[in-house]
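>>> sequence and predicted structure below; questions after.
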There are 2 protein chains.
Amino acid sequence: MLSTRQGLTRREVLLHVAALSLARGGLSQDEQTLPWSDLPPPPPSSSGVGMRFTDLAEINEFTVPNRQFFVLHHGGVPRLDRKRFELHIEGELERELALSFDEIEALPKKELTVCFECAGNAGVGSHGLVGNALWGGTSLAILLRELGVRPEARDVVFYGADVSEERLRGNSYPTRFARSLPVADALGEDVLLAYEMNGEALSTEHGFPLRLVVPGWYGVAQVKWLERIEVVDHRFMGRYMSKEYVTLRGVRVDGEVVHRATSVGRQKLKSVITRVTRRPDDRYVIHGFGWNDGSELESIEVRIDEGPLLPAELARSGSRFAWTPFRREWTRPDKGRHRLVSRAVDASHIQPTAEDASMYKATPWENNGQVVREIEIPG
Amino acid sequence: MLSTRQGLTRREVLLHVAALSLARGGLSQDEQTLPWSDLPPPPPSSSGVGMRFTDLAEINEFTVPNRQFFVLHHGGVPRLDRKRFELHIEGELERELALSFDEIEALPKKELTVCFECAGNAGVGSHGLVGNALWGGTSLAILLRELGVRPEARDVVFYGADVSEERLRGNSYPTRFARSLPVADALGEDVLLAYEMNGEALSTEHGFPLRLVVPGWYGVAQVKWLERIEVVDHRFMGRYMSKEYVTLRGVRVDGEVVHRATSVGRQKLKSVITRVTRRPDDRYVIHGFGWNDGSELESIEVRIDEGPLLPAELARSGSRFAWTPFRREWTRPDKGRHRLVSRAVDASHIQPTAEDASMYKATPWENNGQVVREIEIPG
């Protein structure tokens, strides 16, 4: 589902308005957000990694405003010159191409609302390494098809302009941030070369002038400061494909635990409760967001203390890659401390408990277990 | 080019006989092999790695006899029971399958002569981690097509029965040896589930009862003790895909050295001189082998001391994946020490000098530089 320069379809407009109205619905002037009792302290800044969390309790819009959108990068932040910028597309293609920024902007524009989450989003802050935005850009698939992908092609490698040091066998090497997609995924109709975020030009911290947007995939796939696309006839194994952002997960096969190593790719089904608000009439509302890889989201349920799973109201939008705001009314809760948790269900999966999600898992990535939050209801 | 149960074609027979005759041609009873002056000492046994080198100077056949064929494994050697053996084929397929050994043997048989080299073959012994054999088995592609590969499929993962310890974040995990191929490569017509080597059942050390043979790829792709094939919708990043057997190679792009990380895959063009023989009439012959990824081999040349590149005679065989024996007569060389080197050329590449091959390369894999060998000619 996408909107184009020609404007939104009537159905998209209706869905979008409905989503906005629900997302904003709990936010009347006289509404108050209650503090969490259990929120862990914000994470320390890591050396060598630029990181900014979004406080999801503050997000009142369907999309996260650009200045609040989470930031995470692993090397220096390159400041690129729009006038001198060139995107090189090369490798196993019938024809190679270099495009100036003006030439990219002159290509057909596509807009798509996409939520992505950092694969390491868990356990710190308010799960604030996730965000939803309207991305504007041009279709990678159309460009690649136009250039003619050769049958030998296996991977499409995306190189950013940001450089970090890679250590190997005791030596250091400067390495550009790079990720790859299998050719079939790179040819997916929704992959964007994006230059706009919520209707504005990308800011430097979000990848100016150009970033990749791979709907339904974790944040690490959304390469910022994109400068070079190389189609190769083999497997690319850069640091952020093969050494970092690799999930080692034990699964039971024929009664034996087998560990499977996978590069972080498509997002796992997840939901989090982000805040509880109180209205003057003493009704409470539990708010949150759910997202996945673009599969059909069936339901999100909320459990209060040891009670039953209660269906939440979903704010469906026109994009299957957008996050889905949800809310559940909580009528006159008892005074004291309560335990809240949400669980999402889609066409193929049920969001697991935290324990099930981490069973046999040897790496911190892709934690999509249910998140328990505690809150104190005043008397 | 392959031979089937129905027998070799006439052209294949002629080529095969010609190859054998050339490979054996230098081996009359009264011929003597001269010792190398510079051959490095054999490598020490590595802990945790089972390794046996082939002395290429001893190879008189077009194929390497099974007992001399090089061996390298990273974990324990599993002893499997042919009667209880099952190959599981599962994942992103319309239909999953478990096959007994008898059922595999009952499938159409395909035979193919394939040379593979260990990606770490260099600098020790006589480059003896390479071998050429006639492999017999059944076509993986036919099986996978029969089972119906789903459009979501991205990788085909091959699990051996051999287990080693993987260390990650301070913990140890038992991990089966596993490698993957992109779906397009797994569907290549020449990939074999092999159970015969030079006409005999596989021995335990060569992967009894079943191994994968991926023609034109380095040895690490030829998974031994193959027990499970899993078709997955994402990238597999096991240890031997992503951490070991990864080449980090610097290449010049727009005047800048960019490091590219690739999983060891297709073989690079290479040739080595393996011995010099002397005949009673005081003629000398320089012998060796060349191989690549199956591209058309154009020529192999030999240089003696600082002389010109001299074309060698090639023993072409019926399989483009076989190695190519070569020889060059050396008439009445001067007494004293000489320096010999060979250089192969195929449709796309010229074998580089050792210096060019290792330039900017940060890992020991895929060393295909020209190999200089020294020899003392007696008076």
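It's in. Given the structure is predicted, the values throughout are model-derived calculations rather than measurements.
>>> when you work out contacts or count neighbours from here on, use the C-alpha atoms and nothing else.
OK.
>>> A:Pro325 belongs to a helix?
No. According to DSSP: H, G, I helix; E, B strand; the rest coil, A:Pro325 belongs to no helix; its state is strand.
>>> ok, for it, nearest residue in space, not its chain neighbours?
With sequence-adjacent residues excluded and distances taken as CA to CA, 6 or more residues apart in numbering or on different chains, A:Pro325 is closest to A:Phe289, at 4.3 Å.
>>> so what's the gap between the helix or strand where that neighbour lies and the chain middle?
Per DSSP states H and E: A:Phe289 is located in strand A:283-291. Put simply, strand A:283-291 sits 19 Å off its chain's centre (CA atoms, centre = their mean, to the nearest Å).
>>> repeat for stretch A:194-204
Remark: stretch A:194-204 is offset 16 Å from the chain centroid, using CA atoms, centre = their mean.
>>> span of stretch A:231-247 from start to end?
25 Å (CA to CA, to the nearest Å).
>>> returning to what we had before: tell me what the strand holding A:Phe289 is packed against?
With contacts defined as 3 or more CA pairs under 8 Å, 6 or more residues apart in numbering or on different chains; DSSP states H and E, the packing partners of strand A:283-291 are strand A:270-278, strand A:324-331.
>>> next to chain B, which bits of chain A? Give me the list.
Chain A comes close to chain B at residues A:154, A:168, A:173-176, A:182, A:184, A:234-239, A:242-243, A:246, A:258-263, A:265, A:362, as judged by CA under 8 Å from any CA of the partner chain.
>>> what about A:Asp254, neighbour count?
A total of 7 residues lie near A:Asp254 under the criterion other CA atoms under 10 Å in any protein chain shown.
>>> now the host helix or strand of A:Arg303: average pLDDT?
A:Arg303 is part of strand A:297-304, with elements assigned from DSSP H and E. Here strand A:297-304 scores 98 as its mean pLDDT.
>>> for the helix or strand following it, which positions count as buried?
Of the helices and strands lying after strand A:297-304 in sequence (DSSP H and E), the nearest is strand A:309-311. Of all the residues in strand A:309-311, those buried under the rule 16 or more other CA atoms under 10 Å in any protein chain shown are A:Pro311.
>>> which strands border strand A:309-311, and is each parallel or antiparallel?
Sheet pairing for strand A:309-311, assigned by DSSP bridges, gives strand A:297-304 (antiparallel).
>>> now do the strand it pairs with and strand A:270-278, the angle between them.
Angle, strand A:297-304 to strand A:270-278, by axes from the mean of the first three to the mean of the last three CA atoms, to 10 degrees: 50 degrees.
>>> with only the CA atoms kept, save strand A:297-304 in CSV.
Taking Å, rounded to 0.1, in the frame of the first residue of the first chain, the C-alpha atoms of strand A:297-304 are listed here in CSV:
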residue,chain,number,x,y,z
LEU,A,297,-1.6,-8.1,12.1
GLU,A,298,-4.6,-9.9,13.6
SER,A,299,-4.9,-8.6,17.1
ILE,A,300,-3.1,-7.1,20.1
GLU,A,301,-4.3,-8.1,23.6
VAL,A,302,-3.5,-6.6,27.0
ARG,A,303,-3.3,-8.5,30.3
ILE,A,304,-3.7,-6.6,33.6
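>>> residues touching that strand, excluding its own?
With contact meaning CA atoms under 8 Å, 6 or more residues apart in numbering or on different chains, strand A:297-304 is reached by A:271, A:290-291, A:309-314, A:326, A:328, A:338-347.
>>> now with 6 Å, please.
Outside strand A:297-304, the residues within contact range by CA atoms under 6 Å, 6 or more residues apart in numbering or on different chains are A:309-312, A:339-346.
>>> just the CA trace of stretch A:112-131, in CSV.
Written as CSV, here are the backbone C-alpha positions of stretch A:112-131 (Å, rounded to 0.1, in the frame of the first residue of the first chain):
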residue,chain,number,x,y,z
LEU,A,112,5.4,4.6,2.2
THR,A,113,4.9,4.6,6.0
VAL,A,114,7.4,2.2,7.5
CYS,A,115,8.1,1.3,11.1
PHE,A,116,11.5,-0.1,11.9
GLU,A,117,13.1,-1.3,15.1
CYS,A,118,16.7,-1.7,16.1
ALA,A,119,17.4,-5.4,16.4
GLY,A,120,18.9,-4.6,19.8
ASN,A,121,15.9,-2.8,21.1
ALA,A,122,15.1,-4.3,24.5
GLY,A,123,15.5,-4.0,28.2
VAL,A,124,16.8,-0.4,28.3
GLY,A,125,14.7,2.8,28.4
SER,A,126,11.2,2.5,27.1
HIS,A,127,12.1,0.2,24.2
GLY,A,128,12.8,3.5,22.4
LEU,A,129,14.9,2.2,19.5
VAL,A,130,11.8,1.9,17.2
GLY,A,131,10.0,4.5,15.1
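>>> next one: that stretch to chain centre, how far?
Distance, stretch centre to chain centre, for stretch A:112-131: 6 Å (CA atoms, centre = their mean).
>>> over to stretch A:109-120?
5 Å.
>>> go on, stretch A:148-164?
From the chain centre to the centre of stretch A:148-164 is a distance of 21 Å (CA atoms, centre = their mean).
>>> which residues does the closest residue to chain B within the stretch 1-150 of chain A form a beta bridge with?
Residue of the stretch 1-150 of chain A nearest chain B, by CA to the nearest CA: A:His88 (10.7 Å). Beta-bridge pairing for A:His88 (DSSP bridges): A:Ala98, A:Arg228.
>>> so where's chain A uncertain?
For chain A, the stretches flagged by pLDDT under 70 are A:1-29, A:40-49, A:123-126, A:168-169.
>>> any idea what the most centrally placed residue in it is bridged to?
Closest residue to the average C-alpha location of chain A: A:Phe116 at 0.8 Å, with CA atoms, centre = their mean. Beta bridges link A:Phe116 to A:Gly131, judged by DSSP bridges.
>>> which parts of the longest strand along chain A are buried?
The single longest strand within chain A, with elements called by DSSP state E, is strand A:155-168. Of the residues in strand A:155-168, A:155-164 count as buried by neighbour count, 16+ other CA under 10 Å.
>>> likewise stretch A:365-379?
By neighbour count on 16+ other CA under 10 Å, the buried set for stretch A:365-379 is A:365-377.
>>> out of these, which is nearest to chain B?
Nearest to chain B among the buried residues of stretch A:365-379, counting by CA to the nearest CA, is A:Trp365 at 13.0 Å.
>>> mind listing what the closest one touches?
A:Trp365 makes contact with A:119-120, A:247, according to CA under 6 Å, 6+ apart.
>>> and it, its phi and psi?
When read as degrees, to the nearest 10, the backbone of A:Trp365 gives phi -80, psi 160.
>>> and what of A:Ile104?
Residue torsions, per degrees, to the nearest 10, at A:Ile104 are phi -70, psi -40.
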